[in-house]
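1. the following comprises the amino acid sequence and a computationally predicted model.
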Amino acid sequence: MTTGFSGPIEDRMALRDLLDTYADAVTRRDAADWAACWSEDAQWSLPDFAGVDTVVGRNAIVELWNAAMAQVPGLVFQAWPGAIRVDGDRATMRSYTRETFQRDGAPVTMLGTYEDICGRHDRIWQFQRREFRSIG
């Protein structure tokens, strides 16, 4: 069996904590905690969403997120890793997501996957690049 997990267990756990912190901040709608998950020069790519493509810089990413969150009341965001590979202060991670929210009074579930590049700055892991693709 080939595993998608490699590198020091402490770093893999810290990256899992990053993913869990991100999901928790989304569900709580906590923009400050969510923003802290991103590096200052991060990129967020959303190629499946017309007119969005790639947003660069933490401030622009948070601005887009705040606008999106206003459209999805009652959102619950879940995420789990499919792969985490650590190489020094850089890591790649693949994760899967399930977002459940209300739209026009009806429940909606969106499934997706993220391909991430993470970096460690001052002993703290953050997302440097996230690319989201819808899978259902």
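-> Received it, and whenever you're ready, just let me know what you need. Numbering: from 1, shown residues only.

2. tell me where the chain has helices.
-> In chain order, the chain shows helices spanning 9-28, 31-35, 58-69, with DSSP state H as the criterion.

3. next, the distance between the ends of stretch 114-133.
-> Across its full length, stretch 114-133 reaches 6 Å end to end, with C-alpha to C-alpha, to the nearest Å as the criterion.

4. list the buried residues in it.
-> Counting neighbours by 16 or more other C-beta atoms under 10 Å, one finds that the buried residues in stretch 114-133 are 114-120, 125-132. The way it works is simple: take the backbone N, C-alpha and C, and place the C-beta from them, glycine included.

5. picking up where we left off before, any idea which of the helices of the chain is most buried?
-> Comparing the helices of the chain by mean neighbour count (mean count of other C-beta atoms under 10 Å), helix 9-28 comes out on top with a mean of 17.

6. what is that one packed up against?
-> Under the contact definition 3 or more C-beta pairs under 8 Å, 6 or more residues apart in numbering; DSSP states H and E, helix 9-28 sits against helix 31-35, strand 76-87, strand 90-103, strand 106-121, strand 124-134.

7. of all those, which lies closest to R16?
-> strand 76-87 (6.1 Å; C-beta to C-beta).

8. who does E99 form a beta bridge with?
-> According to DSSP bridges, the residues that bridge with E99 are F77, M110.

9. now do the contacts for it.
-> Listed by C-beta atoms under 8 Å, 6 or more residues apart in numbering, the contact partners of E99 are 72, 75-78, 109-112.

10. what's the answer for Y114, then?
-> Remark: with contacts taken as C-beta under 8 Å, 6+ apart, Y114 is in contact with 79, 93-97, 130-133.
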